[in-house]
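Student: A structural model of the following input is requested.
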Amino acid sequence: MTAWAGLVIAALLQTGSPSAQPMTTIAKGVHSGVESAREVVARTEAEWQALWREHAPNQPAPAVDFTRDMVVGVFMGSRPTGGFSVQITATRQDRGSLIVEYRETRPGRGTITAQVITAPFHLAAIPQFAGKVTFQEVTAKQ
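Tutor: Next comes the predicted model:
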């Protein structure tokens, strides 16, 4: 390997994928008013306020600067026990689209869990993107 190739690889390892997008978690947890599984994008303050009212109607929506950011979210919907969670792991651009990657965790067979209804969710602010947004579930590497 040439010295130049080594420098390029080192720079990519330090900065991550050149198409990766920055992300800031707004809210994440297991109690949401959104009872059906879905993926969401809110590009405007009005869309954000409507989504937040459905998610947490008794709490004020966190501030988001929609001149530069938008909100993406994943809701797992109502689940019969604890042990479920969802996490947005990355966002990236690919062929003119923005892909939001997320991972769901479910309790294993025979796992003892809290006997409480949950509704796991993750909401994150990312830079505004005018194109198509798709969601992709990723699985843990075995």
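Student: For burial, what's the neighbour tally of residue 31?
Tutor: 12 (other Cβ atoms under 10 Å). Every C-beta, even on glycine, is put in place using the N, C-alpha and C of the backbone.
Student: That one: what secondary structure?
Tutor: coil (DSSP: H, G, I helix; E, B strand; the rest coil).
Student: and it, how far is that from residue 118?
Tutor: Distance of residue 31 to residue 118, computed by Cβ to Cβ, to the nearest Å: 7 Å.
Student: so where does the residue nearest the centre of the chain fall, helix or strand?
Tutor: Nearest to the geometric centre of the chain sits residue 88, at 3.0 Å (Cα atoms, centre = their mean). Element membership of residue 88, judged by DSSP states H and E, is strand 85-94.
Student: For the next helix or strand after that strand, report the contacting residues that lie outside it.
Tutor: Per DSSP H and E, strand 85-94 leads on to strand 97-105 as the next helix or strand towards the C-terminus. Residues outside strand 97-105 that contact it (Cβ atoms under 8 Å, 6 or more residues apart in numbering): 21, 39, 72, 74, 76, 83-93, 120, 122, 126, 129, 131-140.
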